[in-house]
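Trainee: Below are the sequence and a predicted model; questions follow.
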There are 2 protein chains.
Amino acid sequence: MSRLLDNIVGELSRLPGVGRRTALRLAMHILKMDREDVVTMASSISEFREHICHCARCGNLSDSEICEICSDDRRDKSTLCVVEQVSDLLSIEKTRQYRGLYCVLGGVISPMQGVAPSDLRIDLLLDRVALGEVKEVIIAISASVEGETTLFYLMNTLKNFGNIKITTIARGIGFGDELEYVDEHTITQALINRREITGKL
Amino acid sequence: MSRLLDNIVGELSRLPGVGRRTALRLAMHILKMDREDVVTMASSISEFREHICHCARCGNLSDSEICEICSDDRRDKSTLCVVEQVSDLLSIEKTRQYRGLYCVLGGVISPMQGVAPSDLRIDLLLDRVALGEVKEVIIAISASVEGETTLFYLMNTLKNFGNIKITTIARGIGFGDELEYVDEHTITQALINRREITGKL
């Protein structure tokens, strides 16, 4: 087998969800691409790894020390949304509904996986809250056992800062979800949090 | 969104089967990899596109003008196996059973897709056959309509070279395939090509 082909297949199959067969298919596609496009692709990968950093204030991925969201004066500094990872932040940003700031924990507390509170960016959260500007902390963490553990840890820690409203995102039936296939716990929460139909949506 | 993150996600999602969500997941994985490993991966991609070429004799991917298989003196030059694409050649090589040479067509004849015989490496096949060394041509092309068209075209063309044996790979039930789920055409072929059990496998 060609050394160059062997190299690219070996390297691409290190990526998650990419086996040698998929890697070969990707290599065949890359072969058909323009040379310049391939160079651009390859350098986007190495430049990303080389120059990306975590925002010193919120943990978001950033090209510079402070990310675009934290350095945007138009964002509401009184609301802080705590998420597990950068992809969660991006999902929330995509809605264009949230105008506050974030704290990207970088995971959830998990004694089983050896993730302690000190492994997360809880210090960034507390630093920000200590400034006194934050009035509400929205905890948008997944509803797993580890997520709930993290939620209670954060609630206990934030209590010490006095008058801060702590909220979590609503659990309920998603748009397009069929009730038939939704788990009982979610249905229970959706029933408890039912709301009156007021005529306006 | 970070420009570096936007770049890598945009570039990776140009790959087949990779959407923006998968690209983001790959980017997050790349972030966790060692810097050196990422540089190695990126350069394997650009080097592959920059330096790989098709073997001038068989069309296989190669680091140099003539591929490893064609330049291997131990290979049987009297047998030539015609395949559609490089991945087919690699699949046959993996069996370590075939010791002849190849011709990688680079596709199949498809009037619908605008692929004419002149778009394939049929000239390489004929060049080789014209040398007079080849005694058998094994046509290992997929059993689609286009594949069959290509098979008949090749048979007609090769007829002009006189005494060459032309064979195709056997169609039949694969190991582990359940008869229940195999298509009728394959079962028909498997019945026609049934063989007597001789006591030795």
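Mentor: Arrived safely, thanks for sending. Everything quoted here is computed from the prediction, not taken from an experiment.
Trainee: alpha carbons only for contacts and neighbour counts from here, please
Mentor: OK.
Trainee: list the contacts for whichever residue of chain A sits closest to chain B?
Mentor: Closest residue of chain A to chain B, C-alpha to the nearest C-alpha: A:Ala42 (4.6 Å). By C-alpha atoms under 8 Å, 6 or more residues apart in numbering or on different chains, the contact set of A:Ala42 is B:Ala42, B:Ser43, B:Ile45, B:Ser46.
Trainee: Same check on A:Val129?
Mentor: A:Phe161.
Trainee: Swap in 10 Å and give it another go.
Mentor: A:Ser78, A:Thr79, A:Leu80, A:Asp123, A:Lys135, A:Glu136, A:Val137, A:Leu158, A:Phe161, A:Ile164 (C-alpha atoms under 10 Å, 6 or more residues apart in numbering or on different chains).
Trainee: Quick one: neighbours of the fourth one, just the number.
Mentor: Neighbours of A:Asp123 under the rule other C-alpha atoms under 10 Å in any protein chain shown: 16.
Trainee: what's the answer for the second one, then?
Mentor: Here the neighbour count serves as a burial measure; for A:Thr79 (other C-alpha under 10 Å) it reads 21.
Trainee: Does it touch A:Gly132 like I think?
Mentor: No: with contacts defined as C-alpha atoms under 10 Å, A:Thr79 does not count as touching A:Gly132, sitting 11.3 Å away.
Trainee: Determine the residues that are contacts of both of the two.
Mentor: With C-alpha under 10 Å, 6+ apart as the test, A:Thr79 and A:Gly132 both reach A:Ile164.
Trainee: Domain map for chain A?
Mentor: Chain A resolves into domains spanning A:3-51, A:61-168 when parsed by automatic domain parsing.
Trainee: Among those, which comes closest to B:Gly59?
Mentor: Proximity to B:Gly59 (C-alpha to C-alpha) singles out domain A:3-51 among the domains of chain A, at 13.6 Å.
Trainee: roughly how far out does the closest one sit from the chain middle?
Mentor: Distance, stretch centre to chain centre, for domain A:3-51: 26 Å (C-alpha atoms, centre = their mean, to the nearest Å).
Trainee: and the end-to-end length of it?
Mentor: 30 Å (C-alpha to C-alpha, to the nearest Å).
Trainee: Please indicate which of the contacts of A:Ala42 has the highest neighbour count?
Mentor: B:Ile45 (25 neighbours).
Trainee: Please, which helix or strand holds the residue nearest to it when sequence neighbours are not counted?
Mentor: Spatial nearest neighbour of B:Ile45, chain neighbours left out: A:Ile8 (5.8 Å); criterion: C-alpha to C-alpha, 6 or more residues apart in numbering or on different chains. Element membership for A:Ile8 (DSSP states H and E) is helix A:3-12.
Trainee: What helices and strands are in contact with that helix?
Mentor: Counting contacts by 3 or more C-alpha pairs under 10 Å, 6 or more residues apart in numbering or on different chains; DSSP states H and E, helix A:3-12 packs against helix A:20-32, helix B:35-51, strand B:61-62.
Trainee: If you count neighbours, what's buried in that helix?
Mentor: A:Leu4, A:Leu5, A:Asn7, A:Ile8, A:Val9, A:Gly10, A:Glu11, A:Leu12 (16 or more other C-alpha atoms under 10 Å in any protein chain shown).
Trainee: So the fourth one is in contact with A:Thr22, correct?
Mentor: What it means is A:Ile8. No: in terms of C-alpha under 10 Å, A:Ile8 does not count as a neighbour of A:Thr22; the distance is 11.5 Å.
Trainee: and A:Ile197, how many neighbours?
Mentor: By the criterion of other C-alpha under 10 Å, A:Ile197 has 7 neighbours.
Trainee: now do A:Arg74
Mentor: Neighbour tally, A:Arg74, other C-alpha under 10 Å: 10.
Trainee: pLDDT score assigned to the spatially closest residue to A:Cys53 that is not a sequence neighbour?
Mentor: Spatially, and ignoring its direct neighbours in sequence, A:Cys53 is nearest to A:Ser62 (5.3 Å; C-alpha to C-alpha, 6+ apart). Per-residue pLDDT puts A:Ser62 at 96.
Trainee: Also A:Asn160?
Mentor: 87.
Trainee: buried residues in stretch A:125-142?
Mentor: Those would be A:Leu125, A:Arg128, A:Val129, A:Val134, A:Glu136, A:Val137, A:Ile138, A:Ile139, A:Ala140, A:Ile141, A:Ser142, for stretch A:125-142 by 16+ other C-alpha under 10 Å.
Trainee: So which elements touch the lengthiest strand in chain A?
Mentor: Once chain A is assigned using DSSP state E, the strand that runs over the most residues is strand A:76-83. Using 3+ C-alpha pairs under 10 Å, 6+ apart as the contact test, the elements touching strand A:76-83 are helix A:86-94, strand A:100-104, helix A:122-130, strand A:136-140, strand A:165-168.
Trainee: Much appreciated, bye for now.
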